[in-house]
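**Q** generate a structure from the sequence data that follows.
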Amino acid sequence: MSVREIRASGREALTLATELLQRVRLADPLAGLWEAADVQWWSRKARPSDDIEQLFWCDGRGPLAGILLTSEGEDSWQCDPISVPGVTAPELDEVWTKAMDQIGAHAAGDLVVPVHGNQEALRKLVEASGLVPGEEDNTAWMDATARPAVLSPAEGFVLADRTERHGTPHPMRHRNGDAVQERLGRCSLYDRELDVSVETVDGQVAGYSLYWFDPVTRVGLVEPVRVEDAYARLGLARAMLTVGIDRLARRGARRIKIGFGSAAAAALYQGVGFRRTSTDTWYRGRVERLS
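**A** Down below sits the predicted model:
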């Protein structure tokens, strides 16, 4: 079956990235760092990289490799070379070479390339390119059948059901902009019925979390989980997690995934039943702006 290169930007690129990551997950239950929902979550706010033509390799079934170049700002970039496990074309060397071309053509400033703990071949290519290991994160999974019992938030707090609050501002708007609800609404895997937030009895947002169900892979993703500093260590995150995980399982998720970096997050997530499957490294470097 012939393989062809396709370049796409904007919503077309998001669709191809979604299909690529779904195909990765169907090929291997633990491969790679990202779920399809991750790239949709990234699209919650406008980025300079939205207009870049991302590169994909496709066969008759759709994308089987791609390079996702994503910016946090003009001077902060992330590059993710992604291939479906087991494919023979394009070879990883070719994907990485094209990734370096994309970086050179579009990125400037700080660069990170996340490498999953099991991606030894990619790790060698990244290190040979001069990038150095930085912080580490962890990937953890849970079988939906092993989900924890649902907990209620502490006294003085209530769960807020967004399905009953059409037209109200999204609790994430302060960190992600006023357009976050509109942009999330464009994502095929976003479902406001899976939003879980917690408020004080007088309506102050104390924390929020999003849960993403992928009907193609039957994977649920937890991203993000946030409790405001003033309400930390009251068990609110744990309560939200138990509710959100239960909603994912009832929606049809067979497995649920989360990523974390800190010891506090590890204690929280492992405490509700997640089990770490890999430690992942974020390789860093600098890209000089082309004159």
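**Q** let me see the ranges of the helices in the stretch 151-291 of the chain.
**A** All helices of the stretch 151-291 of the chain, identified by DSSP state H, counting those that start in this stretch, fall at 173-176, 180-185, 236-251, 263-271.
**Q** right, and Ala179 touches Pro169 too?
**A** No - with contact defined as Cβ atoms under 8 Å, Ala179 does not reach Pro169; the gap is 11.1 Å. C-beta coordinates here come from the backbone N, C-alpha and C atoms, glycine included.
**Q** out of the helices of the stretch 151-291 of the chain, which comes closest to Gly73?
**A** helix 173-176 (14.1 Å; Cβ to Cβ).
**Q** re earlier: figure out which of the helices of the stretch 151-291 of the chain is closest to Glu155.
**A** Using Cβ to Cβ, the nearest of the helices of the stretch 151-291 of the chain to Glu155 is helix 236-251, at 11.6 Å.
**Q** can you name the residues in contact with that closest one?
**A** 142, 144-145, 147-154, 157, 159, 191, 193-194, 196-198, 206-211, 213, 220, 222, 225, 227, 256, 268-269, 271-272 (Cβ atoms under 8 Å, 6 or more residues apart in numbering).
**Q** filter these down to just the buried residues.
**A** 142, 144, 147, 151, 153, 157, 191, 194, 196-198, 206-211, 213, 220, 222, 225, 227, 256, 268-269, 272 (16 or more other Cβ atoms under 10 Å).
**Q** pairing partners for whichever strand or helix holds Trp77, with directions?
**A** Here Trp77, judged by DSSP states H and E, is contained in strand 76-83. Paired strands of strand 76-83, with direction, are strand 62-73 (antiparallel), strand 109-115 (parallel) (DSSP bridges).
**Q** among those, which is the most enclosed?
**A** Stretch with highest mean neighbour count among these: strand 62-73 (a mean of 21; mean count of other Cβ atoms under 10 Å).
**Q** got the contact list for Arg284?
**A** Residues in contact with Arg284 (Cβ under 8 Å, 6+ apart) are 110-112, 131-134.
**Q** now for those residues: which two are most distant?
**A** The widest separation within these (Cβ to Cβ) is 14.8 Å, between Asp110 and Pro133.
**Q** number of nearby residues for Pro224?
**A** Residues near Pro224, counting by other Cβ atoms under 10 Å, number 14.
**Q** from Thr97, how far out is it?
**A** Here the distance between Pro224 and Thr97 works out to 33 Å (Cβ to Cβ, to the nearest Å).
**Q** rewinding a little: distance to Ala31 added to the strands paired with strand 76-83, as CSV?
**A** Formatted as CSV, these follow (distance: least, Cβ to Cβ, whole Å):
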stretch, distance to Ala31
strand 62-73, 13
strand 109-115, 13
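**Q** low-confidence ranges in the protein?
**A** Judged by pLDDT under 70, the chain has its weakly predicted residues at 1, 163-167, 289-291.
**Q** am I right that Leu16 is in a helix?
**A** Yes - assigned with DSSP: H, G, I helix; E, B strand; the rest coil, Leu16 falls within a helix.
**Q** in contact with it: list those residues for me.
**A** By Cβ under 8 Å, 6+ apart, the contact set of Leu16 is 6, 8, 54, 56, 58, 62-63, 66.
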